[in-house]
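Just need the structure, nothing else, for what follows:
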Amino acid sequence: MKFAARRLLVVCLAAAAARCSNIDVVTASYASRSEARASGAIDRGWIPAWIPESAEGIREAHDLDSNRRWGLFDFAPGEADAIRAALDPSSVSLTGIECGIPGRIEWWPLVLRGSLDAGKIRDAALETYRTKAGSVIVVVNWKQGRAYYWAE
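You can find the predicted model right below:
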């Protein structure tokens, strides 16, 4: 086999392997919190129990092997205090933190992928927190009524 053909084969195999990474990540969407609860996603811990009753447009992804999870939801402005009650009130800097969400999760914002930059996150009108338990990172756009969360 000629060098160029071998090289092409190696590149193709590497690309195929990359596409198969995170194969155990499962995604789901729910119209409302009650629908997510009925599915068992809250009881299983894929969606945090603290999301407000008004939560809608819920999307979540979870890795069956590692229990990593990511999600987003929209909420009514009147429920902001319910979300704040679950959060450590101190904003945290995410600069240098890695968000290792699989690339195929198309609904996750680009500003929250890979090595994070606090300045870019702030420029996107997002505020960053950890839950009081500290195990989940939460990023919120209070004006738009949208929150993102993940735990790795």
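
What is the least confident helix or strand in the protein?
In the chain, no helix or strand scores lower on mean pLDDT, DSSP states H and E than helix 3-20, which sits at a mean of 46.

Just list what the next helix or strand after it packs against, helices and strands only.
Once helix 3-20 ends, the next helix or strand along the chain (criterion: DSSP states H and E) is strand 25-32. Counting contacts by 3 or more C-beta pairs under 8 Å, 6 or more residues apart in numbering; DSSP states H and E, the secondary-structure elements packed against strand 25-32 are helix 33-39, strand 56-63. Just so you know, the C-beta spots here come from the backbone N, C-alpha and C atoms, and that holds for glycine as well.

what helices or strands is the longest one leaning on?
This means strand 56-63. In terms of contacts (3+ C-beta pairs under 8 Å, 6+ apart), strand 56-63 is packed against strand 25-32, helix 33-39, strand 69-74.

what's in contact with the longest one?
Outside strand 25-32, the residues that touch it by C-beta atoms under 8 Å, 6 or more residues apart in numbering are 36, 39, 41, 46-47, 55-64, 68, 102, 104-105.

What strands line up against it, and which way round?
Sheet pairing for strand 25-32, assigned by DSSP bridges, gives strand 56-63 (antiparallel).

most tightly surrounded among the helices and strands packed on strand 56-63?
Among the helices and strands packed on strand 56-63, the stretch with the highest mean neighbour count (mean count of other C-beta atoms under 10 Å) is strand 69-74, at a mean of 23.

May I have that one as CSV, with CA atoms only?
Provided in CSV are the C-alpha atoms of strand 69-74 (Å, rounded to 0.1, in the frame of the first residue of the first chain):
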residue,chain,number,x,y,z
ARG,A,69,-25.2,15.1,32.1
TRP,A,70,-26.1,18.4,30.4
GLY,A,71,-29.4,20.2,30.0
LEU,A,72,-31.3,23.3,29.3
PHE,A,73,-34.7,24.7,30.1
ASP,A,74,-36.8,27.8,29.7
